[in-house]
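[1] Return atomic coordinates for the entry below.
(4 chains)
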Number of protein chains: 2
Amino acid sequence: MSGEKDTKNPVQSAERIFQVMEMLAENGEMGLMEISIALGLHKSTVHRLLMSLVYMGYAKQDEASQKYMLSYKIVNMAGKVLERMDILQIAKPYLEKLSDLSGEAVHLVQREGNQILYIHKIEAKVGTIRMVSHVGMIHPMYCSGVGKAIMATLPERELKKIWNESVIEKKTEKTITDYDEMVKALEEVRANGYALDDEENEKGVRCIAACLYGYQKDVRYAFSVSGPTSRMTRERVKEIAADVKKVQKELSKELGFPGLD
Amino acid sequence: MSGEKDTKNPVQSAERIFQVMEMLAENGEMGLMEISIALGLHKSTVHRLLMSLVYMGYAKQDEASQKYMLSYKIVNMAGKVLERMDILQIAKPYLEKLSDLSGEAVHLVQREGNQILYIHKIEAKVGTIRMVSHVGMIHPMYCSGVGKAIMATLPERELKKIWNESVIEKKTEKTITDYDEMVKALEEVRANGYALDDEENEKGVRCIAACLYGYQKDVRYAFSVSGPTSRMTRERVKEIAADVKKVQKELSKELGFPGLD
DNA sequence: CATTTAGTTTCATATTGTGAAACGCATGGT
DNA sequence: ACCATGCGTTTCACAATATGAAACTAAATG
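    Below is the predicted model:
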């Protein structure tokens, strides 16, 4: 998006060590040469960086294959960051209730610019189907229930901006790829008081979402109940939507929202 | 704990930048000086490292307070690591070790609602008796060692729910069919640090189980060593229980559990 | 208005990270 | 059995890079 050189990283080795980590996070187990070639760094340099990561406990080498991978230590660190997000502390019991009521998977997401970040997940209690979503996952806004729930609260101007800056991709036959259609869909969200993702993101998955209002004016969080179409019948969607709206109201109140009703 | 110099980190700036990150992960928002003093690094150095983290998107500075904090990017990275952390890959070598030590059958199970799913099995190396268990098998929680190991970590409320939703069946003379008796049994599990299934599920089979803690609060996995009563004497149970507890500790650590000792 | 404390910027210096080269050890092709 | 190839590792001379003292700015404190 930006052409200019952007003032460059003041610590070269930090830049490189994180490139290595990101590489490992993305690809799992990797050999030294593989990383070296992919990043265009000298193998000796990569080796030193890896040794440093191993020394600090963030990476480890498989004895047999000699390949390198990240350890759980980074997960620990992320856990501490997440714990500090106090929204989690407050929201968890409500989401738990929602999960108990429906038995389906429940997600809590945070807006991060034009995208959403999954910050909590409760697995479905019934059935054997599992969503591929996981905490830490980043997802575009335009093709998810939670994304629509957030977008429905935004002014046209910002909505347009998000749309233009997003890579619109037809994930399923039902994915909305036309801007005007999206505007219409969001009107519906506002009218209903909840957002429905009807197989727009993943075939066979329906999802009922609502945003969370707080003491600050801008909406930063949303949550959803998702499940397979087989269980998410029209009738069931209605039921769950009622629960979702109830939780939205209760939680928003707890988060310090003055209005709503 | 260690007196020796331990070969030191080959990349000094990496060492320091991670010290800064760990500091931020632990304490949340921090000022430059705060970090500088806590780590004994020059403020200029800390500033440069922070600039580097900000540049890469791993940290950000609060506009108002000027304080620094970690961003969600590390959470995103951890998410990718987690996705890849398929429990089996990690657990297998430990279970293998357990199997070698005891020679008996070893199982790994996953909680699925009120039941457990066998996801890995290692056959006994001694004797000719074989368990009927197999990967993919679903079993109720209330009458197995692994089930009790998981249930022992649950709050009373959820325990009651599982009990009510399960079809309680007297599989052997020793099967626990009374709720209060189960509660008492679970207290014992917590006290011992492992769960014992003493012919409660199948006549002639004893089984020592423990749950696995992970980065997430709720316990989702458990494992066990099972064998015929003829070989599983009181003394042998004690021995194996020690091994089981050791593996529980090691594996939980590997899976990112922060606590436990 | 002086004083302190914070964050930021600059810059000379040498410490630190760099990468070429060589090593050892598998693996695999002929 | 042999050599060729590719990988991870180690070493080391060199200079690019990270370092920290000092100067600077801005806000908070008295």
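[2] Okay, and residue A:164 sits in which element?
    Using DSSP states H and E, residue A:164 maps to helix A:156-165.
[3] Quick one: name whatever helix or strand follows that helix.
    helix A:179-192.
[4] Give me the contact list for the helix holding residue A:164.
    Helix A:156-165 has contacts (Cβ atoms under 8 Å, 6 or more residues apart in numbering or on different chains) with A:1, A:114, A:141-142, A:151, A:154, A:179, A:182-183, A:186. (Glycine included, C-beta is placed from N, CA and C.)
[5] switch the cut-off to 7 Å
    A:114, A:141-142, A:151, A:179, A:182 (Cβ atoms under 7 Å, 6 or more residues apart in numbering or on different chains).
[6] Give the buried residues for it.
    Across helix A:156-165, burial judged by 16 or more other Cβ atoms under 10 Å in any protein chain shown covers A:159, A:162-163.
[7] Over to stretch A:247-256?
    Going by neighbour count (16+ other Cβ under 10 Å), the buried part of stretch A:247-256 is A:247-249, A:251-252, A:255.
[8] repeat for stretch A:168-178
    By neighbour count with 16+ other Cβ under 10 Å, stretch A:168-178 contains the buried residues A:168, A:171, A:175-176.
[9] same deal with stretch A:50-66?
    Within stretch A:50-66, judged by 16+ other Cβ under 10 Å, the buried ones are A:50-56, A:58-61.
[10] one step back: now, the buried residues of stretch A:247-256 that are in helices?
    A:247-249, A:251-252 (DSSP state H).
[11] Tell me the one among the residues you listed nearest to residue A:21.
    residue A:251 (35.0 Å; Cβ to Cβ).
[12] can you tell me how far the closest one sits from residue B:148?
    Distance, residue A:251 to residue B:148, using Cβ to Cβ, to the nearest Å: 35 Å.
[13] Point me to the residue of the stretch 51-200 of chain A nearest chain B.
    residue A:136 (1.9 Å; Cβ to the nearest Cβ).
[14] Identify the residue spatially nearest to that residue, adjacent ones excluded.
    residue B:79 (1.9 Å; Cβ to Cβ, 6 or more residues apart in numbering or on different chains).
[15] so what's residue A:92 up against?
    residue A:120.
[16] Now the phi/psi pair for it, please.
    With angles defined as degrees, to the nearest 10, residue A:92 sits at phi -50, psi -50.
[17] Quick check: pLDDT value at it.
    Model confidence at residue A:92, given as pLDDT, is 87.
[18] pull the helix or strand with minimum mean pLDDT from chain A.
    Ranking every helix and strand in chain A by mean pLDDT, DSSP states H and E puts helix A:73-84 at the bottom, with a mean of 81.
[19] From what I see, residue A:185 and residue A:176 are in contact.
    Yes. Contact status for residue A:185 versus residue A:176: in contact at 5.9 Å, counting by Cβ atoms under 7 Å.
[20] Give me the three-state assignment for the most far-flung residue of chain A relative to its centre.
    Within chain A, residue A:44 marks the point farthest from the mean C-alpha position, 36.2 Å out by Cα atoms, centre = their mean. Following DSSP: H, G, I helix; E, B strand; the rest coil, we place residue A:44 in the helix state.
[21] Distance of it relative to chain B?
    11 Å (Cβ to the nearest Cβ, to the nearest Å).
[22] distance of that residue from residue B:17?
    Distance, residue A:44 to residue B:17, by Cβ to Cβ: 21 Å.
[23] One more: residue A:240?
    Counting by Cβ to Cβ, the gap from residue A:240 to residue B:17 is 45 Å.
[24] What residue in the stretch 51-200 of chain A comes nearest to DNA strand C?
    In the stretch 51-200 of chain A, the residue that lies nearest DNA strand C is residue A:52 (7.9 Å; Cβ to the nearest atom of the strand).
[25] How about the residues of the stretch 1-150 of chain A by DNA strand D?
    A:10-14, A:31-34, A:36, A:43-44, A:47-48, A:50, A:61, A:66-67 (Cβ under 7 Å from any atom of the strand).
[26] repeat that with 6 Å
    Within the stretch 1-150 of chain A, the positions lying close to DNA strand D (Cβ under 6 Å from any atom of the strand) are A:11-13, A:31-33, A:43-44, A:47, A:61, A:66.
[27] just curious, which of those is nearest to residue B:202?
    Lowest distance from residue B:202 to those (Cβ to Cβ) belongs to residue A:61, with 42.3 Å.
[28] Now do the contacts for the closest one.
    So residue A:61 contacts A:54, A:68 (Cβ under 7 Å, 6+ apart).
[29] 8 Å - rerun?
    A:50, A:54, A:67-69.
[30] And for residue A:118?
    By Cβ under 8 Å, 6+ apart, residue A:118 lies in contact with A:107-109, A:133-139, B:79.
[31] Just the buried residues of those.
    Buried among those (16+ other Cβ under 10 Å): A:107-109, A:133, A:135-139, B:79.
[32] which residues in chain A form strands?
    Taking DSSP state E as the test, the strands found in chain A are A:59-61, A:68-70, A:105-112, A:115-122, A:138-140, A:195-198, A:205-212, A:221-228.
[33] ok and the last one relative to strand A:205-212, angle-wise?
    This means strand A:221-228. 160 degrees (axes from the mean of the first three to the mean of the last three Cα atoms, to 10 degrees).
[34] so does strand A:221-228 get close to chain B?
    No. Applying Cβ under 8 Å from any Cβ of the partner chain, one finds strand A:221-228 separated from chain B by no less than 12.7 Å.
[35] Kindly state the pLDDT recorded for the closest residue to DNA strand D within the stretch 51-200 of chain A?
    For the stretch 51-200 of chain A, the residue closest to DNA strand D is residue A:66, as judged by Cβ to the nearest atom of the strand, at 4.2 Å. On the pLDDT scale, residue A:66 is placed at 89.
[36] So what does it have for phi and psi?
    For residue A:66, the backbone dihedrals (degrees, to the nearest 10) come out as phi 70, psi 0.
[37] Out of the buried residues of stretch A:50-66, which is nearest to residue B:103?
    When the buried residues of stretch A:50-66 are compared for distance to residue B:103 (Cβ to Cβ), residue A:60 wins out at 29.4 Å.
[38] was I right about that closest one contacting residue A:68?
    Yes. Under the criterion of Cβ atoms under 8 Å, residue A:60 makes contact with residue A:68 at 7.3 Å.
[39] which residues do those two both contact?
    Contact criterion Cβ under 8 Å, 6+ apart; residues shared by residue A:60 and residue A:68: residue A:54.
[40] rewinding a little: next, format the contacts of residue A:61 as a markdown table and append distance to chain B.
    Formatted as a markdown table, the contacts of residue A:61 follow (distance: Cβ to the nearest Cβ, whole Å):
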| residue | distance to chain B |
| --- | --- |
| A:50 | 9 |
| A:54 | 10 |
| A:67 | 13 |
| A:68 | 13 |
| A:69 | 8 |
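[41] Show the pLDDT at the residue nearest to residue A:53 when sequence neighbours are not counted.
    Of all residues not flanking residue A:53 in the chain, residue A:59 sits nearest, at 3.7 Å (Cβ to Cβ, 6+ apart). With respect to pLDDT, residue A:59 scores 93.
[42] which residues does residue A:59 bridge with?
    Residue A:59 has these beta-bridge partners by DSSP bridges: residue A:70.
[43] Show me how the record splits chain A into domains.
    Structurally, chain A divides into domains by automatic domain parsing as follows: A:12-76, A:85-254.
[44] from the middle of its chain, how far away would the first one be?
    Yep, that's domain A:12-76 we're talking about. Centre-to-centre, domain A:12-76 and its host chain are 25 Å apart (Cα atoms, centre = their mean, to the nearest Å).
[45] What is the end-to-end distance of it?
    26 Å (Cα to Cα, to the nearest Å).
[46] got it, and the longest one?
    The distance separating the two terminal residues of domain A:85-254, taken as Cα to Cα, comes to 15 Å.
[47] where does the closest residue to residue A:193 other than its chain neighbours land on pLDDT?
    Nearest residue to residue A:193, sequence neighbours excluded (Cβ to Cβ, 6+ apart): residue A:245, at 5.4 Å. Note on residue A:245: pLDDT of 96.
[48] Report how many residues lie close to residue A:245.
    15 (other Cβ atoms under 10 Å in any protein chain shown).
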